[in-house]
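Chemist: here's my sequence, what's the structure:
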Amino acid sequence: DFSGGKITALYLLNSTAVEIVIDNTGLLDKPNSVYYLYNDSKKGRLIYPANRIVHFKNFSMNGLKGTPIKKYLYDVITQEKYAQKVVNEKYSKGLQDPIIVTYTGDLNEARSQAIKKKFANLGGAENAGKVVPIPTDFDVKQLETKLVNSQFFQLNGLTTRHIANSFGVKTFQLNDMEKSTYSNIEQQNRAF
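Modeler: Numbering: from 1, shown residues only. Have a look, this model is predicted:
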């Protein structure tokens, strides 16, 4: 509500009843204007221009719409779970990358399964570093999937930071002192 050009009241809208629309053709006003469509239970559908809405966009992926904290935390924990699964599989295979086996002979389904079984038994932590004899009709090449190249370890393990960030807690308060100095901790404590 406005009175004399000043805001006199703000009303909380149910976020599940709000739809964000971009007028990319300029149908209502100027091209690329942002509008909020609100389905009010009493007044019906209301259209608000962006300058009439105070919108806090937490964890926005597109700059228009925020992500609910529960969804953000669910995604962070799910990602960490998958990352841990990747690491566990790498260690269970003796940190060996997958291999490609080229066979020059006839390859029916039974022969294909036998080859897979033979080479699968050669992997694993218990066989790491051992010499493996390969028949001459096989050509074996190893795929290189280095976790360092994909910055896996930099991206993995950010769960603490993400969760702390979602609740407004500074990471140094959780004993994550990686980027902390005495002076910035003092400033962060005051800000908190």
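Chemist: mind showing which ranges of the chain have poor pLDDT?
Modeler: Counting by pLDDT under 70, the ranges of the chain that qualify are 26, 60-63, 91, 93-99, 105-106, 119-133, 135-136, 142-158.
Chemist: please, where are all the helices along it?
Modeler: Using DSSP state H, the helices of the chain run over residues 69-92, 109-122, 152-155, 159-166, 182-191.
Chemist: outside of the last one, which residues touch it?
Modeler: Okay, so that is helix 182-191. Here helix 182-191 makes contact (CB atoms under 8 Å, 6 or more residues apart in numbering) with 170, 172. Quick note: C-beta positions are derived from backbone N, CA and C, even for glycine.
Chemist: can you show me the CA trace of that helix as PDB?
Modeler: The C-alpha trace of helix 182-191 is given here as PDB (Å, rounded to 0.1, in the frame of the first residue of the first chain):
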ATOM      1  CA  TYR A 182      42.700 -13.400  12.800                       C
ATOM      2  CA  SER A 183      41.400 -10.000  11.500                       C
ATOM      3  CA  ASN A 184      38.700 -11.400   9.200                       C
ATOM      4  CA  ILE A 185      37.400 -13.800  11.900                       C
ATOM      5  CA  GLU A 186      37.100 -10.800  14.200                       C
ATOM      6  CA  GLN A 187      35.200  -8.800  11.600                       C
ATOM      7  CA  GLN A 188      33.000 -11.900  10.800                       C
ATOM      8  CA  ASN A 189      32.200 -12.400  14.500                       C
ATOM      9  CA  ARG A 190      31.100  -8.800  14.700                       C
ATOM     10  CA  ALA A 191      28.900  -9.100  11.600                       C
END
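Chemist: chain center to that helix: distance?
Modeler: Helix 182-191 has its average C-alpha position 29 Å from the chain's average C-alpha position, going by CA atoms, centre = their mean, to the nearest Å.
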